[in-house]
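Asker: Sequence and predicted structure, then a few things I'm wondering about:
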Protein chains: 4
Amino acid sequence: MAAELRYPLIALNFKVYLESIGENAIRLAKIAEEVSREYDVSIIVAPPLLDLRAVVEQVSIPVFAQHVDPHRPGSHTGSIIAEDVKASGAVGSIVNHSEKRLLLADIGAVLARLREVGLISLLCTDTVETTRAGAVLGPDILAIEPPELIGTGVPVSKAKPDVVTGAVEAIRRINPSVHILCGAGISAGDDVAKAIELGTEGVLLASAYVKAKDPKKLLAEMAEAAIRSWEKRG
Amino acid sequence: MAAELRYPLIALNFKVYLESIGENAIRLAKIAEEVSREYDVSIIVAPPLLDLRAVVEQVSIPVFAQHVDPHRPGSHTGSIIAEDVKASGAVGSIVNHSEKRLLLADIGAVLARLREVGLISLLCTDTVETTRAGAVLGPDILAIEPPELIGTGVPVSKAKPDVVTGAVEAIRRINPSVHILCGAGISAGDDVAKAIELGTEGVLLASAYVKAKDPKKLLAEMAEAAIRSWEKRG
Amino acid sequence: MAAELRYPLIALNFKVYLESIGENAIRLAKIAEEVSREYDVSIIVAPPLLDLRAVVEQVSIPVFAQHVDPHRPGSHTGSIIAEDVKASGAVGSIVNHSEKRLLLADIGAVLARLREVGLISLLCTDTVETTRAGAVLGPDILAIEPPELIGTGVPVSKAKPDVVTGAVEAIRRINPSVHILCGAGISAGDDVAKAIELGTEGVLLASAYVKAKDPKKLLAEMAEAAIRSWEKRG
Amino acid sequence: MAAELRYPLIALNFKVYLESIGENAIRLAKIAEEVSREYDVSIIVAPPLLDLRAVVEQVSIPVFAQHVDPHRPGSHTGSIIAEDVKASGAVGSIVNHSEKRLLLADIGAVLARLREVGLISLLCTDTVETTRAGAVLGPDILAIEPPELIGTGVPVSKAKPDVVTGAVEAIRRINPSVHILCGAGISAGDDVAKAIELGTEGVLLASAYVKAKDPKKLLAEMAEAAIRSWEKRG
């Protein structure tokens, strides 16, 4: 059985910046842990794969892998297998991130592997069509990242609110048990609030946190915004 | 607008055998045309990409590409673009064959490109989950090829009839307008009959036809079986 | 045995532009044939894969595939096999174009397959290191395309003449039997002349020809320049 | 500057077996460390990527990554970057293992990245042609793994001694500074001795060690054989 996460959720993808590898991965994870505790809000971190295990040992918030391969244990030099993610103490994995796209057949296989070893899946998709297909595949969490907004600094929740509400409705219709996050362009508390108002259960962000001058301040602002708009939604 | 196909449908994937390239592609396509006319049954052929245009020029039955890339026209040396499939006179393309798997994001893009230029899409999927995801993506035709049966010579319709009926039901629920073919292990008239009895609208086969000692006899047997079981189904 | 080409050589990669697919492939190939005959200079064309066979039927100059897969004939839906390139009447293939990069292991396999069926290989490489590695692999022709110049419109022969002379020397030392072409940024007769002066045996170009307002005029200019600088070199 | 290794060298690739992930990675690395110390022979370990950092912290022998991506630090979710391998305390990386093949262009880029951050490169190649191309690319170490012997349990040094001596000579001629290991089928002390007799400087092995009933005994036997045949060679 996979662990349970609480919502609203702020998911932090550290990617592999100089600011997020090695000891920086631990530093950024500890800041996230502090904010999570101080604001009693659910925050997960996805550090670089090489730092996954060390981060798990240093913080008590849930830790995710950035990627996992579909292979079973065996002769797969250089691959990341679900059993080792589990052994590392991580509780889940990002799947099919826009920077690590998978074959449709492999997404099915990875989701099955994560289920098998008891890990939470966070599937990334882009267009409305692939998001709906993603919902059918039954991940635990689905992060919507419209391709036209990735890396623009413009949050999808502001630029195209009806893309978000449309996707939320479509996912709910197909698979009401999937948790929905809003990705792409989230860089301030306001973006988090807006994302939750539009019906999602949180956000997935990366560079805005990793590259922030004051990551703690930014994350605290996002945590407050998340709580406020979550309570408003009731 | 893409052309309309009639059902039941027998789809012949020539792959790239010595028996199916060059002049053999034309020979096998002409046999298919003869059987299609003599039995008044709908047959499509997917010859090797290099022989696509020559086959189109030689037969009047519908011709499909075996694969198309997601790219728009441009600097993509060695790629197959939808516009050139259309210019070749083909009417559609196989997408995501088990021997040419695509990223989920690219399947979405390829289906959009085929729609844009007016070509029919024949999407291949394997497990129940990816088949359901495939149905959501809205291809014109969906060919179910359970991975445990590919290349076994055992038709899915016989080995696992409930896999087929289950998939047919699931697809109908998600997207009633998708045409459904049964792939994997089809090698005789009986297999075709069984596939149609189980609710599909035809079959997708490859080596059984290409490698047949008497391809015409085999295809005629399949055409008869298709018509018979289609009429029985009413 | 593969066919023999004459040098200097102008190799035209049509890529898959709207201006180069379908009937346009034949039109552009016929212009190349005219210039080749009028100026008695060696020109080869690499049309889109779907148009390869039709182009071969329409012109008498050597035709190349833009890409070929390492597979032997068999169950490889959507792949391009060497045997079918040969059956199409083409005499060679581009290998590892920057838009269709191959695994090192597959480059080895593709070159072996081309040799086996009697086709000429035109291998593309980028940096000095991979160019030297490419020379070791023993292709018939090696086209140098420094990554910093691709698509810039600045010919490598002008921007970095010592990159070209350095690469030519390195290749000659490793494998004196490899023919060397200069790619990247070739767009005028001058560029061709310069490339030959620097020790190469011709050029590989794409968009400059395909997108030219008057392709015949441009190619004639290049043919003249090629002959002139070839004779000067003696 | 990359660290210096001593030769003869026994390189242990742990792959991602259940027997080699998590705590097992540390257990197997500690056994290697014991044998290295007791026999004063150079042994390196390449644990699963997720366990790399923990293994470095637990043993004092050199540790290698099983794979590294060509990317620079940045937006590359799920990738392994050279800077993080370095930050983990590892001293090198396997490159282009037969289970993780790379594009030729990416091999060039990865070797440059490893050099840039001061890590040792251990490049795997298969055929004589790609091995010679690999030598040109200038890795620190080259492991020859003839494809016809991988996973057969038959050591290349016994089955095809002249493949090994031929490869050694070819590499020496191209690049005398490259260290050469013999991979594929190494499973006993004898295989190690034979590999060194044939002119290599050690071996690369995986399952024989990971799956051994008594890994320490096997590795001790290999260490003894390595020293013995190294001294004999003088």
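Answerer: Thanks, I have it.
Asker: could you say what helices and strands the longest helix seen in chain A packs with?
Answerer: The longest helix of chain A (DSSP state H) is helix A:215-233. Helix A:215-233 sits against strand A:9-13, helix A:23-39, helix A:189-197, strand A:202-205, helix A:207-210, with contacts defined as 3 or more CB pairs under 8 Å, 6 or more residues apart in numbering or on different chains; DSSP states H and E. The way it works is simple: take the backbone N, C-alpha and C, and place the C-beta from them, glycine included.
Asker: now the angle from that helix to strand A:9-13?
Answerer: Interaxial angle, helix A:215-233 versus strand A:9-13 (axes from the mean of the first three to the mean of the last three CA atoms, to 10 degrees): 150 degrees.
Asker: related to what we said a few turns ago, right, and the helices and strands packed on helix A:215-233 - which one's nearest chain D?
Answerer: Closest of the helices and strands packed on helix A:215-233 to chain D is strand A:9-13, at 6.0 Å (criterion: CB to the nearest CB).
Asker: hmm, that closest one touching chain D?
Answerer: Yes - contact between strand A:9-13 and chain D, assessed by CB under 8 Å from any CB of the partner chain, occurs at residue A:13.
Asker: what angle separates that strand from helix A:23-39?
Answerer: Computed with the same axes, to 10 degrees, the direction of strand A:9-13 lies at 170 degrees from that of helix A:23-39.
Asker: Give me the contacts around strand A:9-13.
Answerer: A:28, A:32, A:41-46, A:64, A:66, A:94, A:97, A:122, A:141, A:143, A:179, A:181, A:192, A:201-206, A:209-210, A:219, A:222-223, A:226, D:77 (CB atoms under 8 Å, 6 or more residues apart in numbering or on different chains).
Asker: go on, stretch A:171-181?
Answerer: With CB under 8 Å, 6+ apart, stretch A:171-181 has contacts from A:5, A:7, A:9, A:11, A:122, A:131-132, A:135-136, A:138-144, A:167-168, A:195, A:199-204, B:136.
Asker: Report the buried residues of stretch A:171-184.
Answerer: If you call a residue buried by 16 or more other CB atoms under 10 Å in any protein chain shown, then stretch A:171-184 has these buried ones: A:171, A:174, A:175, A:178, A:179, A:180, A:181, A:182, A:183, A:184.
Asker: How about the contacts made by the closest residue in space to residue A:95 that isn't next to it in sequence?
Answerer: Counting by CB to CB, 6 or more residues apart in numbering or on different chains, the nearest residue to residue A:95 once its immediate chain neighbours are dropped is residue A:123, at 4.7 Å. Residue A:123 makes contact with A:95, A:96, A:107, A:111, A:134, A:137, A:139, A:141, A:142, A:143 under the criterion CB under 8 Å, 6+ apart.
Asker: Dump these into TSV; add neighbour count, secondary structure and pLDDT as well.
Answerer: As requested, the contacts of residue A:123 are exported to TSV (neighbours: other CB atoms under 10 Å in any protein chain shown; DSSP: H, G, I helix; E, B strand; the rest coil; pLDDT from 0 to 100):
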residue	neighbour count	secondary structure	pLDDT
A:95	32	strand	98
A:96	30	coil	97
A:107	27	helix	96
A:111	23	helix	97
A:134	29	helix	95
A:137	27	coil	95
A:139	26	coil	97
A:141	25	strand	97
A:142	28	strand	97
A:143	29	strand	96
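Asker: could these go into a markdown table alongside distance to residue C:16?
Answerer: Below are the contacts of residue A:123 laid out as a markdown table (distance: CB to CB, whole Å):
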| residue | distance to residue C:16 |
| --- | --- |
| A:95 | 32 |
| A:96 | 27 |
| A:107 | 28 |
| A:111 | 35 |
| A:134 | 30 |
| A:137 | 32 |
| A:139 | 35 |
| A:141 | 38 |
| A:142 | 34 |
| A:143 | 33 |
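Asker: What is the nearest of those to chain C?
Answerer: Closest approach between those and chain C, by CB to the nearest CB: residue A:107, at 20.3 Å.
Asker: Confirm for me that the closest one is in contact with residue B:102.
Answerer: No - the pair residue A:107 / residue B:102 is not scored as a contact, 11.3 Å apart, by CB atoms under 8 Å.
Asker: correct me, but residue A:29 touches residue A:43?
Answerer: No - Residue A:29 lies out of contact with residue A:43 (CB under 8 Å); the separation is 9.6 Å.
Asker: Tell me which of these two has more neighbours.
Answerer: residue A:43 (29 against 26; other CB atoms under 10 Å in any protein chain shown).
Asker: got any ranges where chain A has weak pLDDT?
Answerer: A:1-2, A:147-153, A:156-157 (pLDDT under 70).
Asker: who's sitting farthest from the centroid in it?
Answerer: residue A:75 (29.2 Å; CA atoms, centre = their mean).
Asker: near chain B, which residues of chain A?
Answerer: So chain A meets chain B at A:96, A:98, A:101-108, A:111-112, A:125-127, A:129-130, A:132-138, A:174 (CB under 8 Å from any CB).
Asker: Any idea how many residues pack against the residue lying closest to residue A:211 once chain neighbours are set aside?
Answerer: Spatial nearest neighbour of residue A:211, chain neighbours left out: residue A:19 (6.3 Å); criterion: CB to CB, 6+ apart. Look at residue A:19: counted by other CB under 10 Å, it has 18 neighbours.
Asker: My reading is that residue A:19 lies in a helix. Confirm?
Answerer: Yes - when DSSP: H, G, I helix; E, B strand; the rest coil is applied, residue A:19 is found to be in a helix.
Asker: is it true that residue A:96 touches residue A:102?
Answerer: Yes - assessed by CB under 8 Å, residue A:96 is found in contact with residue A:102 at 4.8 Å.
Asker: overlap in contacts of these two?
Answerer: Counting by CB under 8 Å, 6+ apart, the residues touching both residue A:96 and residue A:102 are A:110, B:104.
Asker: Residue A:44 - that's part of a strand, no?
Answerer: Yes - counting by three-state DSSP, residue A:44 is found in a strand.
Asker: What sits closest to it if chain neighbours are left out?
Answerer: residue A:62 (4.5 Å).
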